[in-house]
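> After the sequence you'll find the predicted model.
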Amino acid sequence: MHAERPAISALPDLCWQRLEQAAATRDDPWHTPAIANLNGDGPQMRTVVLRAVSATGRTLICHTDTRSSKARALTADPRMCWLFYDPQTRLQLRANGSAELLRDGEFAEQQWHSLHAGSQVLYGQHGAPGMPLTEGQSAGRERQHFLTVRCHIEQMDWLQLGRQAHWRAALHWQAGQWQAQWVNP
Ligand SMILES: Cc1cc2nc3c(=O)[nH]c(=O)nc-3n(C[C@H](O)[C@H](O)[C@H](O)COP(=O)(O)O)c2cc1C
């Protein structure tokens, strides 16, 4: 696909529209981004499902288990980075922000109820993620292990690979609005 370079002023809205589309579309390559953060030993990353997006709130949402190592690490250091890449359009986005971990409250409740029963059961496994497997334990739906990660995005890095040129833009949330500028790819 041959991509046109958008107007720089249109870029923040385009990023958020693309993210909203990804959250709503299961087979969109941006539906399963990688998230990275720091734990005591260094950087760690893994794939998650992009569950929801708020363009006006500037937030990206995923779910995880309260007992996971990422939940522990994000409690200690909430900084995180999201990586999206679409090989069809050759568009990469990196989004950096700070994680808010929600166990209770209206939004977390809404997120829990948005899950199919099959997904809720994943939070009922007997042992914590990453711990040795014990056989013969039954799983139920366990709301108590369900964690909503709401990440408040402050910066984005947009990279469009083109046939003849690549275009990259840096976006920062500053003084109540998105500032975007072209940078060298
Ligand atoms: C396609 C795909 C989607 C995934 N989605 C999630 C998710 O939404 N939340 C999650 O906690 N783990 C998800 N995982 C599993 C994580 O990648 C990871 O293996 C697990 O959460 C343990 O990570 P941690 O030890 O860093 O906490 C997904 C894995 C794949 C392959």
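Structure received.
> Which stretches in this structure count as strands?
34-39, 42-47, 52-54, 59-65, 79-86, 91-102, 146-161, 166-174, 177-183 (DSSP state E).
> Quick check: which of those is nearest to Ser119?
Smallest distance to Ser119 across the strands of the chain (Cβ to Cβ): 8.2 Å, for strand 59-65. The C-beta positions use only the backbone N, C-alpha and C, and glycine is treated the same way.
> ok, and for the helix or strand bottoming out on mean pLDDT in the chain, which residues are buried?
When each helix and strand of the chain is scored by mean pLDDT, DSSP states H and E, helix 117-121 comes last, with a mean of 85. Across helix 117-121, burial judged by 16 or more other Cβ atoms under 10 Å covers Gln120.
> Centre of the chain to it, how far?
Put simply, helix 117-121 sits 20 Å off its chain's centre (Cα atoms, centre = their mean, to the nearest Å).
> Please see if that helix touches the ligand.
No. Against the ligand, helix 117-121 shows no contacts by Cβ under 6 Å from any ligand atom, the least distance being 9.0 Å.
> repeat for stretch 41-53
Yes. Counting by Cβ under 6 Å from any ligand atom, the ligand is contacted by stretch 41-53 at 44, 46-49.
> Neighbours of Leu50, how many?
When neighbours are counted by other Cβ atoms under 10 Å, Leu50 registers 22.
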